[in-house]
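In: Here is a sequence together with a model predicted from it:
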Amino acid sequence: MQAKSVTTLNSSNNIIQQVTLCNPVLEGLKLDLTGSCQGSSVASKATKVALELNQPMFAASASVDVFKGPMLGADASARVRDFLVGGEVSYDLTQSKIEKYSAALALDRPREKVVLQA
């Protein structure tokens with residue numbers, strides 16, 4: 001398991017703290033926690049938690065933006081031979097509704113590429 005923590009302060013007095021854990025339980029898994037605030041203002045704070053899984057034929061991620069909504073986002077993609085399939089969705093937890101969604105199917109060969117996205 002690898003852990004990394006970075007704190008930055010930019011010129012607009014915004015403090016950002018990011019903590020990343022790589023491979024905590026499973027190879028290819030990454031947990032990322034990012035928080036920021038601007039000075040003593042409570043209204044300008046943000047916290048986001050993200051989880052990513054990357055495998056040779058599959059990738060998925062999920063994130064929660066705690067103070068914006070809160071908003072839950074997830075996406076996944078998989079590859080089987082020359083075909084790729086994927087999709088994403090964002091869900092507002094306070095309003096209990098889907099904010100955005102999309103899906104895609106692709107054929108990926110060396111000489112031909114076709115993508116269908118909705």
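Out: Okay, I see it. Everything numeric in this text was worked out from a predicted model, so none of it was measured.
In: wait, doesn't residue 93 sit right on residue 68?
Out: No - here residue 93 lies out of contact with residue 68, judged by C-beta atoms under 8 Å, at a distance of 10.5 Å. C-beta here means a position set from N, CA and C on the backbone, and glycine is covered the same way.
In: Check the offset of the lengthiest strand in the chain from the chain's centre.
Out: With DSSP state E setting the assignment, residue counts place strand 41-55 as the longest strand in the chain. Relative to the chain's own centre, strand 41-55 is displaced by 9 Å; criterion: C-alpha atoms, centre = their mean, to the nearest Å.
In: buried stuff in the very next helix or strand once past that strand?
Out: Where DSSP states H and E defines the elements, the next helix or strand beyond strand 41-55 is strand 58-65. The neighbour-count check on strand 58-65 (16 or more other C-beta atoms under 10 Å) flags 59, 61, 63-65 as buried.
In: Report the two of the residues you listed separated the most.
Out: Using C-beta to C-beta, the buried residues of strand 58-65 span at most 20.3 Å, a distance reached by 59 and 65.
In: just checking, residue 28 touches residue 58?
Out: No - assessed by C-beta under 8 Å, residue 28 is found out of contact with residue 58, at 9.1 Å.
In: hmm, back to that, can you list contacts of the longest strand of the chain?
Out: Outside of strand 41-55, the residues within contact range by C-beta atoms under 8 Å, 6 or more residues apart in numbering are 14, 26, 28-38, 59-68.
In: strands paired with it, and their directions?
Out: Each strand paired with strand 41-55, and its direction, by DSSP bridges: strand 29-38 (antiparallel), strand 58-65 (antiparallel).
In: The ones you listed into CSV, with extra columns for distance to residue 80 and mean pLDDT?
Out: CSV is the format used below for these (distance: least, C-beta to C-beta, whole Å; pLDDT from 0 to 100):
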stretch, distance to residue 80, mean pLDDT
strand 29-38, 22, 91
strand 58-65, 10, 93
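In: Any chance of CSV for those strands, columns distance to residue 110?
Out: Converted to CSV, the strands paired with strand 41-55 look like this (distance: least, C-beta to C-beta, whole Å):
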stretch, distance to residue 110
strand 29-38, 31
strand 58-65, 21
